[in-house]
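# Got a sequence here, can you build the structure:
(chains A and B)
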Amino acid sequence: MLSRTADNLFWLARYMERADFLARILQASRRLATLPRAYGGVETEWESALLSSGAAPAFHAAGLTVDEANVTQFLAFSPDNPSSIRNCIELARVNARAVRTALTVEMWEAINGAFLELKAFEQASRSAEEVTRFLDFVKQVSAAYDGGAHRTMLRNDAYWFSRVGLYLERADNTARLLDVKYHVLLPETEAVGGSLDYFQWTAILRAVSAHTAYHWVYRDSLKPWLVADLLILRPEMPRSLIACYESVVQNLDRLGKSHGKHGPAQRHARTVFGQLEHATIESVFHNGLHDFIQVFIADNQRLGALVSEQYLF
Amino acid sequence: MSGVDGLIRLPYEKLSKWLASVEPEFLASRRAQAELLFRRIGITFAVYGSQEATERLIPFDILPRIIARAEWAQLEKGLIQRVKALNLFLADLYGPGEILKAGVVPSELVYRNPAFRPEMAGRRVPHDIFVHIAGIDIIRTDDDGFFVLEDNARTPSGVSYMLENREVMMRLLPDLFALHRVAPIENYPDQLLATLRSAAPRGAGADPVSVLLTPGQYNSAFYEHSFLADKLGIELVEGRDLFVKDDVVFMRTTEGPRRVDVIYRRLDDDFLDPLAFRPDSALGVAGLMGAYHAGNVTLANAVGTGVADDKAIYTYMPEVIRFYLGEEPLLKNVPTWRCREKEALRYVLDHLDELVVKEVNGSGGYGMLVGPHATKAQIAEFAEKLADNPTNFIAQPTLALSTCPVSVASGVAPRHVDLRPFVLYGPNGASVVPGGLTRVAMTENSLVVNSSQGGGTKDTWIIDDAPLARA
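Got it, this is the predicted structure:
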């Protein structure tokens, strides 16, 4: 396949996944922000929404005040924030249009439909109700795109490049979310942690749609290290780092097989996956959760670079 | 829909009865559905210089234009004859130039034409075919028959609308289809691919690689480029996806370089190769012309075909056909005044308010004067341009263009139409897909059907079982 097509598909998948993640972060933060003050005191949820999305530097550089309206506007609708949901959808469509021939009708219609509806949302009010509708809409679009790809694409390099992009992005998102929240996930905070921490843990789980899953996996009340365990090391949890890497490795291997050549990208992905397979949550905490996640984020970025080098993007 | 006698023309009888049987709301709802479909599929058209809508829908009319098989058969023969002659003509212009030596076509019309490519002089192209894909614009005046309005031998567009219009029609009006036997057009992409493959250079392997070269997604016809590449199952490439090494063209793929044999290019000559043509163009491929001249790649259409699109050359097409084929042209030209000829110019200047005046190199409805609809000031302005540079213009009468029924807010109304059938021409022969793109002037009385000027399109049906004369 054309290298440019592979590049476009890879990024298209990443933008769609990122839009979904931003919608989830915003929804979780809105939920936390509605808690009565008595539960926690400091309002950090909007700052942490900015941090998890990676948009904090740009936001502060624009000299904006951190509050619900500004953060929502910046993360969801702002044309000036390169990673806003709006821009993700628009960039996804630019990529999709360039590789229209590599997409199935379902995928194209999901993206093109989203792009057209986005225009309507941009003209609508920013009432809480409207924002809720918008965030639900974004999650639906991402699911429709993803489902369309899963159901209709030929299992060839176009599919594998898309999937590698999707899982790389998803791993990056989960890792960022953990990194921002690592202090509330530290085991010792449980002793001092009041109900705010409890709601923070819940918010993390909700952001990745794992609130119910947690109970199915652990049959236990919420424990911060188990939340971390679920999102890092549990292969049955679809957004965990290990689950993402299992898929990254699989899809890169299929690519390698069809091209008759395994290269640095395949080797690096295997190494990262191997490290996750051998880790325990105890060892992660022993060596420091924050450091662990920082190393993972850097490794994940390196894999992105290796994929584009190897496949000549 | 009606002939000169005021009666419903026979091919339209069933449509006319069907129209009488449906509620007006039915048509309105189908119109709305069609628009929704086009927007969702993303069948758009980019309009240069229009800020508020960089992507616009071409208005689509849901009533078909119907042509009887017997009439079509005549038209088809004429089209193939014409494209055959165009190919011989171009090979001659860049070769021995017999027709110029014989004085049939004035040589300055060719050599001074900006679309004439001196770089191609003395060069032969694979299989000596210059025009692989032609779009010949046809009008019908009255029951007298068809006239050629214009030849498009450069990069004719619109075939995706022809195909998509049919799909949408079949989805929205299955009952109307059931009443007619409509010739299918869905094999066009297969025929196009077969034509491209057959045109591969002789040195190419048994399984030549074809690609479609687009200027990119901001080009007005990008939708069509991606649609066709998809239907043909070939890569849609941009200039940056290709490179030339040792006079061979390759594309950059995830598995390394892959050789390319045939390029269906939707990029103008000027932009093809910055080393040969415009050095500032980032759209093309450096060294492409070297590979072309070495005979290692086929460009469809060939470089330099635009000279045949020229409206002054057009006026000589009947002579061109006679010269190369020794046959009488089966399709007539629209009577045309060549303003370069003194007497013609005088006539044109005296009758500007009755004529359509066109720039010989203009396209897309730009640079023309429609006399009967022009203001006095516009006419005066054009008269000056004409006097300044008469060679640059031709003039044609505003013929009694035929109309077709169009579904409008108030019901059904007649609008002027033309027809662009697509002719494929390869070493194994020529073919014309039954139908073509019917373009409609969406405004009442307007004669301008170009999409860049707000014109619309409709499906074209070639039907089997219509007798031409009333029993």
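
# which stretches of the chain have low pLDDT?
Because you didn't say which chain, this covers chain A. Residue ranges of chain A with pLDDT under 70: A:36-43, A:188-196.

# I was after chain B.
B:1-6, B:42, B:44-55, B:142-144, B:362-366, B:400-401, B:451-453, B:465-471.

# Would you mind measuring from residue B:192 to residue B:212?
Distance, residue B:192 to residue B:212, by CB to CB, to the nearest Å: 10 Å. Heads up, the C-betas are built off the backbone N, CA and C, glycines and all.

# can you list residues touching both of these two?
Counting by CB atoms under 8 Å, 6 or more residues apart in numbering or on different chains, the common neighbours of residue B:192 and residue B:212 are B:228, B:232, B:264.

# how about the residues of chain A near chain B?
Counting by CB under 8 Å from any CB of the partner chain, the residues of chain A close to chain B are A:1-6, A:94, A:97-101, A:105, A:108-109, A:112-113, A:116, A:157, A:161, A:255, A:259, A:311-312.

# Give me the contact list for the one helix or strand residue A:212 maps to.
Assessed by DSSP states H and E, residue A:212 sits inside helix A:211-218. Residues outside helix A:211-218 that contact it (CB under 8 Å, 6+ apart): A:202, A:205, A:222, A:226, A:227, A:230, A:234, A:236, A:237.

# And residue B:203, how close does it get to chain A?
24 Å (CB to the nearest CB, to the nearest Å).

# How many neighbouring residues does that residue have?
13 (other CB atoms under 10 Å in any protein chain shown).

# Three-state assignment for residue B:447, please.
coil (DSSP: H, G, I helix; E, B strand; the rest coil).

# Check residue B:372 too.
Once three-state DSSP is applied, residue B:372 turns out helix.

# How about it, nearest residue that isn't a chain neighbour?
residue B:398 (5.7 Å; CB to CB, 6 or more residues apart in numbering or on different chains).

# are any of the residues of chain A next to chain B buried, and which?
A:1-6, A:94, A:97-101, A:108-109, A:112-113, A:157, A:161, A:255, A:259, A:311-312 (16 or more other CB atoms under 10 Å in any protein chain shown).

# how about the residues of chain B that lie near chain A?
B:39-42, B:216-217, B:222, B:226-227, B:229-230, B:235-238, B:240-241, B:251-256.

# quick one: which of these sit in strands?
Cross-referencing the residues of chain B next to chain A against strands under DSSP state E gives B:235, B:236, B:237, B:251, B:252, B:253, B:256.

# can you list the residues that contact stretch B:315-323?
Counting contacts by CB under 8 Å, 6+ apart, the residues touching stretch B:315-323 from outside are B:81-82, B:85-86, B:89, B:99, B:102, B:104-105, B:109, B:148, B:151, B:327-329, B:332-333, B:336, B:338, B:394.

# Pull out the buried residues from it.
B:315, B:316, B:317, B:318, B:320, B:321, B:323.

# between those, which is nearest residue B:163?
residue B:317 (28.0 Å; CB to CB).

# Can you verify my assumption that the residue nearest to residue B:372 contacts residue B:374?
No: counting by CB atoms under 8 Å, residue B:398 does not reach residue B:374; the two are 11.1 Å apart.

# For those two, indicate the residue with more neighbours.
Between residue B:398 and residue B:374, counting by other CB under 10 Å, residue B:374 is the more crowded of the two (19 against 13).

# quick one: buried residues of the longest helix along chain B?
Counting residues, the longest helix found in chain B (DSSP state H) is helix B:69-93. Using 16+ other CB under 10 Å as the test for burial, helix B:69-93 gives B:69, B:71-72, B:75-76, B:78-93.

# Also stretch B:373-387?
B:374, B:379, B:382, B:383, B:386.

# Among those, which are located in helices?
B:379, B:382, B:383, B:386.

# List the contacts of the first one.
Residues in contact with residue B:379, defined by CB under 8 Å, 6+ apart, are B:352, B:353, B:369, B:371.

# Distance check, it against residue B:455.
23 Å.

# Widest-spaced pair of the contacts of helix A:211-218?
A:202 and A:236, at 19.9 Å, using CB to CB across those.

# quick one, which of those two is more surrounded?
Taking neighbours as other CB under 10 Å, residue A:202 and residue A:236 compare with residue A:202 leading, 17 against 11.

# Out of the ones in helices among the buried residues of stretch B:373-387, which is nearest to chain A?
When these are compared for distance to chain A (CB to the nearest CB), residue B:382 wins out at 39.5 Å.

# Leaving out the residues flanking it, which one is nearest to the residue of the stretch 101-250 of chain A found nearest chain B?
Nearest residue of the stretch 101-250 of chain A to chain B: residue A:101, at 4.1 Å (CB to the nearest CB). Spatial nearest neighbour of residue A:101, chain neighbours left out: residue B:230 (4.1 Å); criterion: CB to CB, 6+ apart.

# For the one you found, give me its contacts.
A:100, A:101, B:236.

# so how far is residue B:355 from the closest residue to the last one other than its chain neighbours?
If you skip the residues right next to it in sequence, residue B:236 has residue B:229 as its closest partner in space, 3.7 Å away by CB to CB, 6+ apart. Between residue B:229 and residue B:355 the distance is 41 Å, computed by CB to CB.

# nearest spatial neighbour of the residue nearest the centre of chain B, skipping sequence neighbours?
In chain B, the residue lying closest to the centroid (CA atoms, centre = their mean) is residue B:135, at 3.2 Å. Among residues not flanking residue B:135 along the chain, residue B:156 sits closest, at 2.8 Å (CB to CB, 6+ apart).

# so what's that neighbour up against?
Counting by CB under 8 Å, 6+ apart, residue B:156 has contacts B:133, B:134, B:135, B:420, B:422.

# nearest to residue B:443, of these?
Out of the contacts of residue B:156, the member with the shortest distance to residue B:443 (by CB to CB) is residue B:420, at 19.6 Å.

# Lovely, talk soon.
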